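**Q** output the structure for:
(2 chains)
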Amino acid sequence: MTMGLFPLVVILVIMAGVLVFHYLYVDKIYKKVKSTSNSGFKKEELLTYLELPQGSNFNTFMIASWMLFFVALAFLFFQTPGTSPWYYFQVIQIASSEFGLIAFGLAVMVITALAAFNIPKVYRYYIVSRSIKALMVNFSLLLIMISIALSIYIGTIYPQVDDLSWSLGYVTLLASLILLIMPIVCSLKEVAR
Amino acid sequence: MKPMVVGIGGAGGNILKKFLETQDVQLPICLGEHLAFGNAKGIWLDSATQDTQDQKYFGKLDDGKYPGYMISHEAISADSPFRKWIKDIYGLDLKVQGYDRRAEYLKAIFEVFDIENVREMARKEFDREDNPLPGYMWKKGIRLFTVLRPKDGNGSKLNRAPASGDETAENKSKIVFLQKIGSLMGFASTLMNKNKDASCSAEMKDKLCDSILFLASLGGGTGTGFINPITSYVRREEKGFPFFALGILTEKGDDTRHAKEGQRNLGAAIAMYDLLTKPAGDGLDALIVIDNEILVRRYGKNNFEANDQAIYASMKPLFDLRNYPGSKLQDDAPAIKRVFWDADKDDRVMDENGKVILLPPVLVPCYYSHAGSECSERVLVENALSEDCRLFPCIPSKADRAYVFTRGYVNDERIKSAIKELTGIAEEHTKVYRKLGNSGEDILILLRNPYGGKAGEQDKKDKDGRDLTFESRIYGLIDSAVNYIDTNETNIINYLGYSDLTKKYLETYFYANGGLRDELKKSLQRIADGKKPIFIKPLKIFSEPQSDPNVIIHDITKQEPKHVDKKEIEEIVEKKLQEMLTQPEFKEKIQRVGG
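**A** So this is what the prediction gives:
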């Protein structure tokens, strides 16, 4: 089985990289504005000026997508042993219950709720084109659901393993993450100008 | 600046669609409010019910749909006694459909309410409302989206118009069900947008429109007739509320979509005349003009989609919400209105009563957008002011002021300096409003009154006959309108439905000393002499100067309901038929029918 720490690290590195890009983006804009403006303002103030409403449909889907993204991540990496010393099947009472996976998913949602609600706030600082929004809304949830379904399958056949299913689950999760960070990735052009 | 965009008539409605294009993801249901660029709101006003049935984008505002449309005469029922009374006395149908291209017809319908007796009659039927047409459009439509909305107004509870347009019972229940789910899901995103310290986004979401921008084609018919009555109606109570209009002058020559050129030019001349002769506090705060002739040259004839897109794109810097830090309050509409009215001593004119007044300015937009690597402020300004980027013929150096809206990272002092260098407009007469950009820059320069100062400018055309100056384009338009008035007296006055009383009023309005023909001729002279402004004296159909010996005695009790003479009808029909038979396309049709 290809499970291990490396694939998880890749995802975490991408997320950290996005955070860095976001700060670079704000910093670049701050410098540009500062060089063309006489009025004094702080970098934190700039964020208020950068804000744009993105639309209720988009916001709702992004919150749902990030919530389920963390669930998919947990199902793929923390359901069966292989990634960390702590995993879902260790809690035998819940794991053997009929609604165990639902409880696991809900627990992940509660733990990551703060992150899931706050991460999409970053989008408000970017001009996200309608085509990118449509791409994000149409495919991110779908890919996440595929990843979750494959993880559930892996959990169901455990202790047997299915490398192909896991790899597919990982690829779909990665693809959904790339979709979710697209507004920031697209603004790299702005940072590079 | 967050204007409420009011699209009027067919053209206004089509351009409005661009302004209201959703910036959100399109789903079968909307989980919150409709989001347009710059968080703008909009409404489509029309007088033709058929036009609203032939489209699916706008829903009926009265049914709570958004984006919505309103039919101006819906406040008046088909069997209204008041409607019948107006028809009998004046020969005007208050529920006339918008196909009549006569600007004077719609003008008469609205201005008939200037007569006290008419207002009195209206008050009796319309719950003390003395001007039911603009009253309905303002109170039941436009006002709900503005800061003037009454506290109990329910304008925010508007649903997205169904995309399919067909609302079967099954569809309706499905929509209601989806909306219920949507409202639950939307709650989450609403929570996300709210911020404890009332951040910009929370404020923006709740903010209503602080001004009105009318979109209409000048000379089309409906658009030409609506702006003035609504503005005048609102101005009775709200002197300070900012009103701007974007008027699109239809292209030269005849086309399949519009009336004959002369008639259109008369409509446009009346519209511009009426919009530009109302002093500060009585009418518009500025008229932005775009010449469709330029767009037709750029995008080809009948490419309406590209034309509408170009108009919308050019106005985006005005609507963008992302102000430059430190400049947050500079672009609120009342501030911009004050800036537009800032004038020199020689901008003041004396009205016929000897009172010194200021008339609203004409603004010519010049728009340039630039993608890719950054370019200097001078390059931006130079390109925007180039002939290719002017949206109305003019010579930029003739403008007395420049209002610049930019998106991108630009220095306002360098913009001012470039404007001064290229046009001679003093830096203190240039106002720059900057917005934060994204992967490119664009610039909109509104040139204020770019005409006058030199005689003979009306003759400046290039070898292909294209107008090179503002004076040339407007002179041609007014000249054509005067020619139409001179040669179409029967068409203008002896319209089948008009009562004798209305005919007299129209005769006075058009042909009397000091009437429209006279005033337009004076305007031509003013243009030829290089004077500003072009129009001065306000004119109304239903008003007469007291000194006029031929003053119309208006006593409705002495007016008999109209009986049209049979012979008169026959004469007019015959004349109309003869006119039609001279047209080649009509001949062609007859030949085709004849096999």
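**Q** which phi and psi does the spatially most distant residue from the centre of chain A have?
**A** For chain A, the largest distance from the centre (C-alpha atoms, centre = their mean) belongs to residue A:38, which lies 38.6 Å off. Main-chain torsions, residue A:38, degrees, to the nearest 10: phi -90, psi -20.
**Q** and the pLDDT for it?
**A** Each residue has a pLDDT score; the one for residue A:38 is 76.
**Q** quick one, what contacts it?
**A** Under the criterion of C-beta atoms under 8 Å, 6 or more residues apart in numbering or on different chains, the contact list for residue A:38 reads B:326, B:413. Every residue, glycine included, has its C-beta placed from N, CA and C.
**Q** residue contacts, the residue of the stretch 201-350 of chain B found nearest chain A?
**A** Nearest residue of the stretch 201-350 of chain B to chain A: residue B:326, at 2.9 Å (C-beta to the nearest C-beta). The contact partners of residue B:326, taken as C-beta under 8 Å, 6+ apart, are A:37-41.
**Q** between the residues you listed, which is nearest residue A:149?
**A** residue A:41 (48.5 Å; C-beta to C-beta).
**Q** secondary structure class for that closest one?
**A** coil (DSSP: H, G, I helix; E, B strand; the rest coil).
**Q** for chain B, see how far away it is.
**A** Residue A:41 sits 4 Å away from chain B, taking C-beta to the nearest C-beta, to the nearest Å as the criterion.
**Q** isn't that residue up against residue B:325?
**A** Yes: under the criterion of C-beta atoms under 8 Å, residue A:41 is in contact with residue B:325, at a separation of 4.3 Å.
**Q** more crowded one of those two?
**A** Neighbour comparison, residue A:41 and residue B:325: the larger count goes to residue B:325, with 24 against 16 (by other C-beta atoms under 10 Å in any protein chain shown).
**Q** I'd say that one and residue A:33 touch.
**A** Yes: with contact defined as C-beta under 8 Å, residue B:325 and residue A:33 form a contacting pair (6.0 Å).
**Q** could you tell me which residues touch both of the two?
**A** Counting by C-beta under 8 Å, 6+ apart, the shared contacts of residue B:325 and residue A:33 are residue A:46.
**Q** tell me where the stretch 451-595 of chain B has strands.
**A** The residue ranges that make up strands in the stretch 451-595 of chain B, judged by DSSP state E, counting those that start in this stretch, are empty, as it has none.
**Q** just the helices in it please.
**A** Taking DSSP state H, counting those that start in this stretch as the criterion, the stretch 451-595 of chain B contains helices spanning B:470-487, B:489-493, B:500-511, B:516-529, B:566-581, B:584-593.
**Q** could you do the stretch 201-350 of chain B as well?
**A** Assigned helices in the stretch 201-350 of chain B, in chain order: B:222-235, B:261-276, B:292-299, B:304-319, B:333-341 (criterion: DSSP H, counting those that start in this stretch).
**Q** quick one: buried residues of stretch A:99-110?
**A** With burial defined by 16 or more other C-beta atoms under 10 Å in any protein chain shown, the residues of stretch A:99-110 counted as buried are A:100-101, A:104-105, A:108.
**Q** one more: stretch B:11-29?
**A** Neighbour-count burial for stretch B:11-29, with 16+ other C-beta under 10 Å as criterion, is recorded at B:11-25, B:27, B:29.
**Q** kindly report the same for stretch B:59-75.
**A** Of the residues in stretch B:59-75, those buried (16+ other C-beta under 10 Å) are B:59, B:61, B:65-75.
**Q** lowest-confidence entry in those residues?
**A** The minimum pLDDT among those falls on residue B:72, with 84.
**Q** so who does that one touch?
**A** For residue B:72, the set of contacting residues under the criterion of C-beta under 8 Å, 6+ apart consists of B:45-47, B:133, B:136-137, B:226.
**Q** hmm, try it at 6 Å
**A** Contacts of residue B:72 were listed using C-beta atoms under 6 Å, 6 or more residues apart in numbering or on different chains, and they are B:47, B:133, B:137.
**Q** do the same with residue B:273
**A** Listed by C-beta under 6 Å, 6+ apart, the contact partners of residue B:273 are residue B:535.
**Q** try residue B:339
**A** Shown here is residue B:339, whose contacts under the criterion C-beta under 6 Å, 6+ apart are residue B:431.
**Q** hmm, try it at 7 Å
**A** For residue B:339, the residues meeting the contact criterion (C-beta atoms under 7 Å, 6 or more residues apart in numbering or on different chains) are B:403, B:431.
**Q** can you tell if the helix or strand that residue A:73 is a member of touches chain B?
**A** Using DSSP states H and E, the secondary-structure element containing residue A:73 is helix A:56-77. Yes: judged by C-beta under 7 Å from any C-beta of the partner chain, helix A:56-77 and chain B are in contact via A:56-61, A:63.
**Q** just how off-centre is stretch A:67-83 within its chain?
**A** Averaging C-alpha positions (C-alpha atoms, centre = their mean, to the nearest Å) puts stretch A:67-83 12 Å from its chain's average.
**Q** alpha carbons only: can I get it in CSV?
**A** Extracted in CSV, the C-alpha atoms of stretch A:67-83 (Å, rounded to 0.1, in the frame of the first residue of the first chain):
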residue,chain,number,x,y,z
MET,A,67,-15.7,20.9,5.3
LEU,A,68,-15.9,17.8,3.1
PHE,A,69,-12.3,18.2,2.0
PHE,A,70,-11.2,17.7,5.6
VAL,A,71,-13.5,14.8,6.0
ALA,A,72,-12.0,13.2,2.8
LEU,A,73,-8.5,13.9,4.1
ALA,A,74,-9.3,12.2,7.4
PHE,A,75,-11.0,9.2,5.8
LEU,A,76,-8.0,8.7,3.4
PHE,A,77,-5.2,9.1,6.0
PHE,A,78,-6.7,8.5,9.4
GLN,A,79,-9.2,5.7,8.9
THR,A,80,-6.9,2.7,8.5
PRO,A,81,-3.4,2.3,9.9
GLY,A,82,-0.4,3.5,7.9
THR,A,83,-0.1,7.3,8.3
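**Q** show the average pLDDT along that stretch.
**A** Taken as a whole, stretch A:67-83 carries a mean pLDDT of 91.
**Q** also stretch A:135-149?
**A** 96.
**Q** how about residues contacting that stretch?
**A** Contacts to stretch A:135-149, defined as C-beta under 7 Å, 6+ apart, come from residues A:58, A:61, A:64-65, A:68-69, A:71-72, A:75-76, A:169, A:172-173, A:175-176, A:179-180, A:182, B:25.
**Q** hmm, back to that, and the contacts of residue B:326 as JSON lines, adding distance to residue A:187?
**A** Formatted as JSON lines, the entries for those read as follows, by distance: C-beta to C-beta, whole Å:
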{"residue": "A:37", "distance to residue A:187": "21"}
{"residue": "A:38", "distance to residue A:187": "26"}
{"residue": "A:39", "distance to residue A:187": "24"}
{"residue": "A:40", "distance to residue A:187": "25"}
{"residue": "A:41", "distance to residue A:187": "21"}
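**Q** of all pairs in those, which one spans the longest distance?
**A** For those, and using C-beta to C-beta, no pair is farther apart than A:38 and A:41, which are 10.6 Å apart.
**Q** do I have it right that residue B:46 meets residue B:73?
**A** No: contact between residue B:46 and residue B:73 fails when scored by C-beta atoms under 7 Å: they sit 10.2 Å apart.
**Q** gap between residue B:290 and residue B:278?
**A** Using C-beta to C-beta, to the nearest Å, residue B:290 is found at 21 Å from residue B:278.
**Q** which of these two has more residues huddled nearby?
**A** residue B:290 (25 against 19).
**Q** contact partners for the more buried one?
**A** Contacts of residue B:290 were listed using C-beta under 7 Å, 6+ apart, and they are B:246, B:248-249, B:311, B:365, B:391-392.
**Q** at 10 Å instead, please
**A** By C-beta atoms under 10 Å, 6 or more residues apart in numbering or on different chains, the contact list for residue B:290 reads B:15, B:217-218, B:246-249, B:307, B:310-311, B:314-315, B:364-365, B:367, B:390-392.
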